[in-house]
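A.B. asks: with the sequence up front, the predicted model follows.
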Amino acid sequence: MLGFSLIETTSFWNVWYWIVTVVAWSMTAHWTLGVPYDAIRQADRKGGEFVEHCDLQAHINARRLIYYFDRGGPYFIAFVSFMLALIGGWGYYQGYELAQAIFVLAAPLLGASVFTVKLAYRIKDEALQGDELRKALRHRRLWNQFIGLVAIVIASMAAVYHYAVINFYFAPLALPPINLQ
């Protein structure tokens with residue numbers, strides 16, 4: 001049972017929570033609509049074949065995302081909303097820290113995903129190509145980075161709240177009285 005001892009339910013002070021948070025946001029910022037940022041930079045610098053590959057990759061991923069979203073989008077939104085409300089209620093109403101940590105990580109990621117779907121529809125509707133497409137991808141990446149920055153700051157504030165307020169303010173109230181005899 002050594003593997004289970006590495007996973008704690010005090011998530012905000014667990015190193016694994018912060019590793020997952022950093023990896024999730026770095027991947028979200030690097031892969032905009034499935035196009036890596038270095039492909040966008042190579043298309044800007046070298047042009048030619050790199051522009052074609054960047055455009056093709058963005059259009060393929062946009063069409064794929066739209067295909068799945070058109071087929072099951074409302075059901076997926078309902079399921080994810082229910083799960084997020086369940087986790088949020090479990091975390092903040094019942095006071096379960098692991099659920100709070102998952103909520104603090106998942107809610108902003110969901111917001112970034114909504115804007116990515118919106119970008120996919122824009123790419124399809126406006127048939128973006130070349131510089132205009134790469135500008136839209138860079139703009140989405142910048143906003144993903146901003147959402148990630150705010151999310152990490154909020155997660156840090158939640159961790160400090162749990163450590164300072166819950167552990168030091170409320171914990172002494174639960175201690176039994178000390179018998180000095």
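C.D. replies: Yep, it's here. What you are looking at is a predicted structure, and each value in this text was computed from that prediction instead of being measured.
A.B. asks: ranges for the strands of this structure?
C.D. replies: 31-32, 35-36 (DSSP state E).
A.B. asks: mean pLDDT, distance to residue 99 and mean neighbour count for those - can I get that in a markdown table?
C.D. replies: (Each C-beta comes from the backbone N, C-alpha and C, glycine too.) Shown next, in a markdown table, are the strands of the chain (pLDDT from 0 to 100; distance: least, CB to CB, whole Å; neighbours: other CB atoms under 10 Å):
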| stretch | mean pLDDT | distance to residue 99 | mean neighbour count |
| --- | --- | --- | --- |
| strand 31-32 | 90 | 27 | 21 |
| strand 35-36 | 90 | 33 | 20 |
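A.B. asks: look up how far residue 41 lies from residue 108.
C.D. replies: 25 Å (CB to CB, to the nearest Å).
A.B. asks: compare those two (neighbour count), which wins?
C.D. replies: residue 108 (22 against 14; other CB atoms under 10 Å).
A.B. asks: the more buried one: what's it in contact with?
C.D. replies: 147, 148, 150, 151, 154 (CB atoms under 8 Å, 6 or more residues apart in numbering).
A.B. asks: quick one, grab the pLDDT at the residue nearest to the third one when sequence neighbours are not counted.
C.D. replies: Yep, that's residue 150 we're talking about. The shortest distance from residue 150 to any non-neighbouring residue, by CB to CB, 6 or more residues apart in numbering, is to residue 108 (7.1 Å). At residue 108, the model reports a pLDDT of 94.
A.B. asks: and if you look at residue 166?
C.D. replies: 64.
A.B. asks: what of residue 44?
C.D. replies: Per the predicted model, pLDDT is 87 at residue 44.
A.B. asks: and if you look at residue 8?
C.D. replies: 58.
A.B. asks: what of residue 170?
C.D. replies: pLDDT at residue 170 comes out at 58.
A.B. asks: equivalent analysis for the one 4 residues further on, please.
C.D. replies: Each residue has a pLDDT score; the one for residue 174 is 52.
A.B. asks: so how far does stretch 29-37 reach from one end to the other?
C.D. replies: Distance between the two ends of stretch 29-37: 8 Å, counting by CA to CA, to the nearest Å.
A.B. asks: go ahead and name everything in contact with it.
C.D. replies: 40, 54, 57-58, 60-62, 65, 116, 119-120, 123, 137-138, 140-141, 144-145, 148.
A.B. asks: pull the contacting residues for the spatially most central residue of the chain.
C.D. replies: The residue lying closest to the centre of the chain (CA atoms, centre = their mean) is residue 109, at 2.6 Å. By CB under 8 Å, 6+ apart, residue 109 lies in contact with 24, 28, 151.
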